[in-house]
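**Student:** Take a look and give me a structure for this.
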Amino acid sequence: MGGIRPARVAATALTAAAATLLAGCGGGQAAGDADTIVVATFGDFGYDALQADFAEAFPDITLETRVSEFDAHHQQLQTQLAGGRGAADIVAIEEGWIPQYRESHELFVELGALGASDIQDRWAEWKWEQGVADGGEFVLGLGTDAGPLAMCYRTDLFEAAGLPTDRDEVSALWPTWADFASVADDFSAATPDVAFADSAENVYGSMINQAPEGYFAAADDSYIADENPVIRDAFALAGSLAEDGQTAQIKPFTQEWNVGLAQGGFATMACPAWMLAQIESAAGEQNAGVWDIASVPGGGGNWGGSILTIPAQGENTELAYRVAEWLTAPEQQKTLFLEKGILPSQPEVYHDPEVLGDVNEYFNEAPVGEIFASSADSLQPNYRGTQDFSVRSRFQEALGRVEEGVQSADEAFADAVEQSERDLG
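**Tutor:** Residues are numbered from 1 along each chain as shown. Below you'll find the predicted structure:
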């Protein structure tokens, strides 16, 4: 039912516990000493490519990066904030987790007072808004990358199905997601033993990420998944692909998913800029030039991206800010894209001629700079509610049950709505 307020118990408890414990605790154990700044991230933020430049800019400072698995990273930060110790000097927070930490922003340094407000125009407006709290009065973090969407596809499997393989012609096949589903029908009719898409979850998530609102209303953070046509339509389309056996029925980012990439187990997958490195790593050198990149159905959309925050418990917060500002400066963001393929969230950088002219040899010389800059220009921000992460997982699990043949798409959707409402209280 609409209008249900999301539960805020976890965020409130985190704030209360931390406020009590911070008074009796010193700086975090995981932070560096006076000569070291520790940056905690998940996955590869590409900072190894900046080490030489960092040494020149900060000759007396050591930059140490600590990388954890995605969920563990964010859960550890919860514990560290509640305990008042243990957090790194700089901590990355992924977009899906930002709303939760925005609720306890007083546990972080307000970066506007340190100079962040003076460089606001570096970022796309939606990215800057992602990193602020308290109605824009509190700058929580500085934006790192963005995840504008494209659609990766295997040219060999398209050719076998009698479909065009040229990226512009492929893009023209699916201006809408309904067209994408129609192409799936044609593909499956020609090659019934190969899945068209990697998973219903990724198709569904990409559609949601193109909409201004998903599970919660931007105006008041109320739960609207039960009445939002975007959610219902996306679930119905992705569920239909699953029911018709047109997905590979595998969980994204698992070993089985990696095997599917390497062995040609599916023909398409939605791919933000940061995913290209994962595809190349999993698919292997034997598939170089087989994958290509087209525009995503529906146009635009963002999946992923992070901000760099500075926990208030640290002892070197001003130096940490200087480092965070340097890491997110246009020069470094350009290097990260050209060296690592990590697309910045700063229009000045992704419109840079060198960035726009960048091609990816592995993906059949695809003009990745142009493709992802165009997608970034057309995306609209997607509101994430405070409890977005937990609700989203209910709908993802429901699509998994459809792929397994346990439930129909209609049954799974009804269950996801009911479970989400029960979780929210």
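
**Student:** okay, stretch 345-355 in PDB with CA atoms only?
**Tutor:** Output of stretch 345-355 as PDB, limited to C-alpha atoms (Å, rounded to 0.1, in the frame of the first residue of the first chain):
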ATOM      1  CA  SER A 345      31.000  12.200 -12.900                       C
ATOM      2  CA  GLN A 346      32.400  15.600 -14.100                       C
ATOM      3  CA  PRO A 347      31.100  16.900 -17.500                       C
ATOM      4  CA  GLU A 348      34.300  18.900 -18.100                       C
ATOM      5  CA  VAL A 349      36.200  15.600 -18.000                       C
ATOM      6  CA  TYR A 350      34.000  13.300 -19.900                       C
ATOM      7  CA  HIS A 351      33.600  16.000 -22.600                       C
ATOM      8  CA  ASP A 352      37.400  16.300 -22.800                       C
ATOM      9  CA  PRO A 353      38.500  15.600 -26.400                       C
ATOM     10  CA  GLU A 354      40.900  12.900 -25.300                       C
ATOM     11  CA  VAL A 355      38.200  11.200 -23.300                       C
END
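
**Student:** what comes up buried for that stretch?
**Tutor:** 345-347, 349-350, 352, 355 (16 or more other C-beta atoms under 10 Å). (Each C-beta comes from the backbone N, C-alpha and C, glycine too.)

**Student:** Please apply the same query to stretch 292-306.
**Tutor:** Within stretch 292-306, judged by 16+ other C-beta under 10 Å, the buried ones are 292-298, 300-306.

**Student:** Redo those residues as TSV? Include pLDDT.
**Tutor:** Below are the buried residues of stretch 292-306 laid out as TSV (pLDDT from 0 to 100):
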residue	pLDDT
Asp292	98
Ile293	98
Ala294	98
Ser295	97
Val296	97
Pro297	98
Gly298	95
Gly300	89
Gly301	93
Asn302	95
Trp303	94
Gly304	93
Gly305	95
Ser306	97
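
**Student:** hang on, Ala146 in a helix?
**Tutor:** No. Ala146 sits outside any helix when classified using DSSP: H, G, I helix; E, B strand; the rest coil, being strand.

**Student:** Quick check: Gly314 touching Gly86?
**Tutor:** No. Here Gly314 does not reach Gly86: they are 10.6 Å apart, not a contact under C-beta atoms under 8 Å.

**Student:** For these two, indicate the residue with more neighbours.
**Tutor:** Gly314 (25 against 19; other C-beta atoms under 10 Å).

**Student:** which stretch of helix or strand covers that one?
**Tutor:** Following DSSP states H and E, there is no helix or strand that holds Gly314.

**Student:** Take the buried residues of stretch 345-355 and keep only those in helices.
**Tutor:** 347, 349-350, 355 (DSSP state H).

**Student:** follow-up on the earlier one: so which of the buried residues of stretch 292-306 comes closest to Ala416?
**Tutor:** Trp303 (19.8 Å; C-beta to C-beta).

**Student:** distance of Asn382 from Glu129?
**Tutor:** Distance, Asn382 to Glu129, using C-beta to C-beta, to the nearest Å: 12 Å.

**Student:** So for the two, which sits in the more crowded spot?
**Tutor:** Counted by other C-beta under 10 Å, Asn382 and Glu129 do not tie: Asn382 has more neighbours, with 22 against 12.

**Student:** show me the contacts for the more buried one.
**Tutor:** Residues in contact with Asn382, defined by C-beta atoms under 8 Å, 6 or more residues apart in numbering, are 208-214, 301-302.

**Student:** any chance of the residues you listed in CSV, with distance to His74 and secondary structure too?
**Tutor:** Formatted as CSV, the contacts of Asn382 follow (distance: C-beta to C-beta, whole Å; DSSP: H, G, I helix; E, B strand; the rest coil):
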residue, distance to His74, secondary structure
Ile208, 20, helix
Asn209, 19, coil
Gln210, 24, coil
Ala211, 24, coil
Pro212, 25, coil
Glu213, 23, coil
Gly214, 19, coil
Gly301, 23, coil
Asn302, 19, strand
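
**Student:** In JSON lines: those residues, plus distance to Ala55.
**Tutor:** Formatted as JSON lines, these follow (distance: C-beta to C-beta, whole Å):
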{"residue": "Ile208", "distance to Ala55": "42"}
{"residue": "Asn209", "distance to Ala55": "37"}
{"residue": "Gln210", "distance to Ala55": "41"}
{"residue": "Ala211", "distance to Ala55": "44"}
{"residue": "Pro212", "distance to Ala55": "43"}
{"residue": "Glu213", "distance to Ala55": "45"}
{"residue": "Gly214", "distance to Ala55": "43"}
{"residue": "Gly301", "distance to Ala55": "38"}
{"residue": "Asn302", "distance to Ala55": "33"}
